[in-house]
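Enquirer: Fold the following for me, if possible:
(one chain, ligands or ions: 1)
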Amino acid sequence: MSRIIAFLILFFYCSASYADKNMKIGFKGKESDINRVIKVKMYDNYYEPNSFQIKAGETIKFEVENLGELVHEFNIANKMMHIKHQPEMEKMVENEILLADSIDKEKMKKMAKMDKAMAHSHSNSVLLEPKQKGNIIWKFDNAVNIEIACNVPGHYQVGMIAKVDIN
Ligand SMILES: [Cu+2]
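Expert: Here you go, the predicted structure:
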């Protein structure tokens, strides 16, 4: 019986990661493969630049700086993933991990022990306090429908989204 359960867990785990690979948003890039560096500034509530032209297969290093007065996220995903991610961010607000202009990292660590989603460590996103900088190295496959967006509650809704054209 326990073998069957173990098998089922493994099966669902594998199919979940398979689904992730099929998201076709690309994947975490390697430092040695960087083709281009793009500097991005985050303000309240928009990105500069707010659109990116990328060639399929390119590895980009995004150097992101938050020049706003609020916490912002730079998250490479598609619309469906952003929508799915938003309740996690709302939960971080409810738990007072994510405040308007700061992130309670101690609390984040504690909560992450109970709920992995609260760790907010995804290779496709950086969450930055005002004046903070962060990097993402991302390899864009022949990805489609990519959106770079901020899922701090309310920000996506007011249009904190950057367009990504891959060709
Ligand atoms: Cu934001």
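Enquirer: Tell me the residues of this structure that contact the ion?
Expert: 45, 72, 150, 152, 155, 160 (CB under 5 Å from the ion). Quick note: C-beta positions are derived from backbone N, CA and C, even for glycine.
Enquirer: ok, which stretches of the chain are strands?
Expert: Secondary structure of the chain (DSSP state E): strands at 27-28, 36-43, 46-48, 51-54, 59-66, 72-78, 125-128, 133-139, 146-149, 161-166.
Enquirer: Between the residues of the chain next to the ion, identify the one with the most neighbours.
Expert: residue 150 (29 neighbours; other CB atoms under 10 Å).
Enquirer: Quick check on that one: phi, psi?
Expert: Here is the backbone geometry of residue 150 (degrees, to the nearest 10): phi -110, psi 120.
Enquirer: Now it. Nearest residue, chain neighbours left out?
Expert: Among residues not flanking residue 150 along the chain, residue 160 sits closest, at 4.0 Å (CB to CB, 6 or more residues apart in numbering).
Enquirer: Could you report the distance from the one you found to residue 68?
Expert: Using CB to CB, to the nearest Å, residue 160 is found at 10 Å from residue 68.
Enquirer: any shared contact partners between the two?
Expert: Common contacts of residue 160 and residue 68 (CB atoms under 8 Å, 6 or more residues apart in numbering): residue 45.
Enquirer: Flag the shaky bits of the protein, pLDDT-wise.
Expert: Residue ranges of the chain with pLDDT under 70: 1-23, 117, 120-121.
Enquirer: Closest to residue 58 out of the residues of the chain next to the ion?
Expert: Nearest to residue 58 among the residues of the chain next to the ion: residue 150, at 22.8 Å, using CB to CB.
Enquirer: residues contacting that closest one?
Expert: The contact partners of residue 150, taken as CB under 8 Å, 6+ apart, are 42, 45, 47, 72-75, 156, 160-161.
Enquirer: Between those, which sits nearest the ion?
Expert: residue 72 (3.5 Å; CB to the ion).
Enquirer: Surely the residue nearest to residue 150 is in contact with residue 48?
Expert: No. Judged on CB atoms under 8 Å, residue 160 makes no contact with residue 48 at a distance of 11.5 Å.
Enquirer: can you put the residues of the chain next to the ion in a markdown table and add distance to residue 85?
Expert: Formatted as a markdown table, the residues of the chain next to the ion follow (distance: CB to CB, whole Å):
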| residue | distance to residue 85 |
| --- | --- |
| 45 | 16 |
| 72 | 14 |
| 150 | 10 |
| 152 | 11 |
| 155 | 12 |
| 160 | 13 |
